[in-house]
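1. Predicted model and sequence below, questions to follow.
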Amino acid sequence: MDLNFNKNEDYNKLLVTDLKKRLAQVRLGGGKSKIEKEHAKGKLTARERIDYLLDHKSKSIEIGTFAGDGMYESHGGCPSGGVVVKIGYVKGKQCIVVANDATVKAGAWFPITAKKNLRAQEIAMENRLPIIYLVDSAGVYLPLQDEIFPDKEHFGRIFRNNAQMSSMGITQIAAVMGSCVAGGAYLPIMSDEAIIVDKTASIFLAGSYLVKAAIGESIDNETLGGATTHCEISGVTDYKAKNDADALDKIKSIMDKIGDFDKAGFSKKPSKKPNENPKDLFGLLPKSRADQYDMYEIINRLVDNSEIEEYKADYGKTIITAYARIDGWAVGIVANQRKLVKNANKEMQFGGVIYNDSADKATRFIANCNQKKIPLVFLQDVTGFMVGSKSEHSGIIKDGAKMVNALSNSVVPKFTVIIGNSYGAGNYAMCGKAYDPRLIVAWPSAKLAVMSGNSAAKVLLQIETASLKKKGETITSEKEAELFDQIKSRYDEQVSPYYSAARLWTDAVIEPTDTRDWISMGIEAANHAPIEKTFNVGVIQV
């Protein structure tokens, strides 16, 4: 390997080390002292509950680990949005588990908590996955109630989705393992079956203090809404559990008897490892997001046998379209080529830029994958569409619109991996979050924004200096450089993959070598949901 490979490898491995440190910190939730308090009550933590529930040594992926990261510092923070979400296996059946983290503000719901819960339900609904709720929450975080209570994508949408999933035949199981109060009390009861842990769990619309204040009744919480009350008197819950482990064992027993899923019928063969070493990804990916590299080399480390069947290999070369298999699953790959290439007229085209011919090729390929019922995988490292008179006169807007149209109306499941740049309309055309990928993840090297930090800082600098000059200020070259650095620093923070993950614009920041697992588990989940729509792009400009 050359020196440049080694430099890239060192840099990208440091990014992964940083990722692991961030993960270790966020997985502590509210901190070690809060964890000890839960243990002292005889309770497991959210992550311990999930670990106990999921099949031993089976694969799992976590959604939204960085949700809320850095967003609520004035309120003491909200690690992982105060809720842990994983896709995994219980008694061999793939499902999604949602567990309130009582170490974070007693499991109270922040705005990002609601958004994360809705994302979990969206995944369950799209893929017909059973969903298991491990409830332990103090309800809405009141200081931010105006950002979580009344809107369409707020707290109430959770219960609407409960009802929708029930009508769709999606299994929902709830275990109340701590507090379950106010509006949140409806979630377990709108599930198919509900378990409650004796002595440590309770369900009520209003606790004893509020009951006393509202109607003058004096009653303790256990009598008001404990396990005995709801299993023997109200009939609200279906099973009483002795402790956390007993409740989780009951869930396992229920899951063990669920019938098989209907299938979408995606092609699956025995998995083959890539012939090329996936660990080479660290050396192949450049340190600088502006540097060119060969996306074929990345693909070769992700697909079975490092084999692809390329579609229109010699046309529209700034986008690679190819059939392959990942962990045995057939996929259609749409990837941005980051090398300088030559078109049919021997003109140079920039890597990472979508030209007319590459947009046209991608549109046709997306349609073909829909025709053949093949899931789509988008590998993003895109700076946007080509600009300038030649592209405009050739109808780049029309060709880009065709690509977005095909993407928007695609009925096969889509999965997006942001490897490097994800800028502007390129993010949209390559299946950004707005275009409903079943899962969307970013490598630590990813950058998401309207444009790059340098470009944006230059534009914002022009606006800032013009404003200051109007006020009569003299802008020296030193002052201009200082302003540029300040603006770029602010912008670069927003471009970070962790900034996006905190806001759930992506589902996770992952190690590059974990990409195959994410795509494989995602397609397995999607295979539980038969395709009910027909691919139709409607009216487009030909």
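-> Everything's here; your move.

2. Tell me how far Leu248 lies from Lys43.
-> Going from Leu248 to Lys43 by Cβ to Cβ, to the nearest Å gives 12 Å. To be clear about C-beta, it is placed using only N, CA and C from the backbone, and glycine gets the same treatment.

3. now Phe415
-> Distance, Phe415 to Lys43, using Cβ to Cβ: 36 Å.

4. Lys433 now?
-> Distance of Lys433 to Lys43, given as Cβ to Cβ: 35 Å.

5. same question, Ala206
-> Applying Cβ to Cβ, the value for Ala206 to Lys43 is 23 Å.

6. between those two, which one's more packed in?
-> Lys43 (20 against 16; other Cβ atoms under 10 Å).

7. all helices for the stretch 51-200 of the chain, in order.
-> Under the criterion DSSP state H, counting those that start in this stretch, helices of the stretch 51-200 of the chain are mapped to 111-127, 156-168, 186-189.

8. if we look at the shortest one, which residues are touching it?
-> Contact partners of helix 186-189, identified using Cβ atoms under 8 Å, 6 or more residues apart in numbering, comprise 133, 135, 158-159, 162, 174-176, 180, 194, 203, 236-237.

9. I'd like those residues as CSV, with distance to Val459 and pLDDT appended.
-> Putting the contacts of helix 186-189 into CSV (distance: Cβ to Cβ, whole Å; pLDDT from 0 to 100) gives the following:
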residue, distance to Val459, pLDDT
Tyr133, 46, 97
Val135, 47, 96
Ile158, 40, 93
Phe159, 44, 92
Asn162, 46, 95
Ala174, 50, 97
Ala175, 52, 97
Val176, 52, 96
Cys180, 50, 90
Ala194, 54, 97
Ile203, 54, 93
Val236, 58, 92
Thr237, 58, 95
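
10. Name only those of those that count as buried.
-> 133, 135, 158, 162, 174-176, 180, 194, 203, 236-237 (16 or more other Cβ atoms under 10 Å).

11. Name the nearest of those relative to Gln380.
-> Ile158 (30.6 Å; Cβ to Cβ).

12. contacting residues for the closest residue to that closest one other than its chain neighbours?
-> Residue nearest to Ile158 in three dimensions, not counting chain neighbours: Asn117, with 5.7 Å by Cβ to Cβ, 6 or more residues apart in numbering. By Cβ under 8 Å, 6+ apart, the residues touching Asn117 are 83, 85, 98, 109, 158.

13. Among those, which ones are in strands?
-> Mapping the contacts of Asn117 onto strands (DSSP state E) picks out 83, 85, 98.

14. Neighbours of the second one, how many?
-> I take that to be Val85. Neighbours of Val85 using other Cβ under 10 Å come to 26.

15. Bridge partners for it, pull those for me.
-> Beta bridges link Val85 to Ile63, Val98 when assigned by DSSP bridges.

16. So for Gln541, what pLDDT did the model give?
-> We have a pLDDT of 59 for Gln541.

17. what do you get for Glu347?
-> Looking at Glu347, its pLDDT stands at 89.

18. Can you give me the neighbour number for it?
-> With other Cβ under 10 Å as criterion, Glu347 counts 10.

19. again, but for Val341
-> Look at Val341: counted by other Cβ under 10 Å, it has 17 neighbours.

20. Return the residues in contact with the residue lying closest to it once chain neighbours are set aside.
-> Residue nearest to Val341 in three dimensions, not counting chain neighbours: Lys317, with 4.0 Å by Cβ to Cβ, 6+ apart. By Cβ under 8 Å, 6+ apart, the residues touching Lys317 are 337, 341-343, 349, 358.

21. now that we have these, which one has the most neighbours?
-> Neighbour counts for the contacts of Lys317 (other Cβ under 10 Å) peak at Ser358, which has 29 neighbours.

22. Surely it is in contact with Gly316?
-> Yes - if you go by Cβ atoms under 8 Å, Ser358 and Gly316 touch, sitting 3.6 Å apart.

23. re the thing from before, could you list which of the contacts of Lys317 belong to helices?
-> Counting by DSSP state H, the part of the contacts of Lys317 found in helices is Ser358.

24. Out of the contacts of Lys317, which comes closest to Ala446?
-> Distance to Ala446, by Cβ to Cβ, is smallest for Gln337 among the contacts of Lys317, at 17.4 Å.

25. follow-up on the earlier one: now the ones in strands among the contacts of Asn117 as JSON lines including distance to Phe5 and pLDDT?
-> As requested, the ones in strands among the contacts of Asn117 are arranged in JSON lines below (distance: Cβ to Cβ, whole Å; pLDDT from 0 to 100):
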{"residue": "Val83", "distance to Phe5": "41", "pLDDT": "98"}
{"residue": "Val85", "distance to Phe5": "37", "pLDDT": "98"}
{"residue": "Val98", "distance to Phe5": "42", "pLDDT": "98"}
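
26. low-confidence ranges in the chain?
-> Applying pLDDT under 70 to the chain flags the ranges 1, 453, 540-542.

27. which residue sits farthest out from the middle of it?
-> Gly472 (47.5 Å; Cα atoms, centre = their mean).

28. what kind of secondary structure is it in?
-> Judged by DSSP: H, G, I helix; E, B strand; the rest coil, the three-state class of Gly472 is coil.

29. Also the one 10 residues further on?
-> Of the three states, Glu482 takes helix under three-state DSSP.

30. gap between it and Glu473?
-> The gap separating Glu482 from Glu473 is 13 Å, by Cβ to Cβ.
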